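Engineer: What follows is a predicted structure for the sequence shown.
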Amino acid sequence: MNLLPHNENGIDRGARVALGLGLLAIAFVGPQTPWGWLGLIPLATGLLGSCPLYTLFGLSTCPTKKNTTATQH
């Protein structure tokens, strides 16, 4: 079992990074509330390409790899 399996596709990762940066901006630029630090979670999962909740529930947004072995005649 892989500790951090890649289970996010590129769009999912990009959205998580953008959301994380947006939330972190709240901690520094916007209303400067501590809630902005929650942006570290989507930022980290987006940069790593692995979501622990996806792993826990057996989900993945990565495209499935097709079986490339074909019977040869």
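Structural biologist: Nice, thanks for sending it over.

Engineer: Which residue comes closest to residue 23 once chain neighbours are left out?
Structural biologist: residue 39 (2.8 Å; CB to CB, 6 or more residues apart in numbering). (C-beta placed from N, C-alpha, C; glycine too.)

Engineer: Three-state assignment for the one you found, please.
Structural biologist: Per DSSP: H, G, I helix; E, B strand; the rest coil, the local secondary structure of residue 39 is helix.

Engineer: Please name the residues that touch it.
Structural biologist: Residues near residue 39 by CB atoms under 8 Å, 6 or more residues apart in numbering: 19, 20, 21, 22, 23, 24, 25, 26, 27.

Engineer: Tell me how far the residue nearest to the spatial centre of the chain lies from residue 20.
Structural biologist: In the chain, the centroid-proximal residue (CA atoms, centre = their mean) is residue 46; its distance is 3.7 Å. From residue 46 across to residue 20, the span is 6 Å (CB to CB, to the nearest Å).
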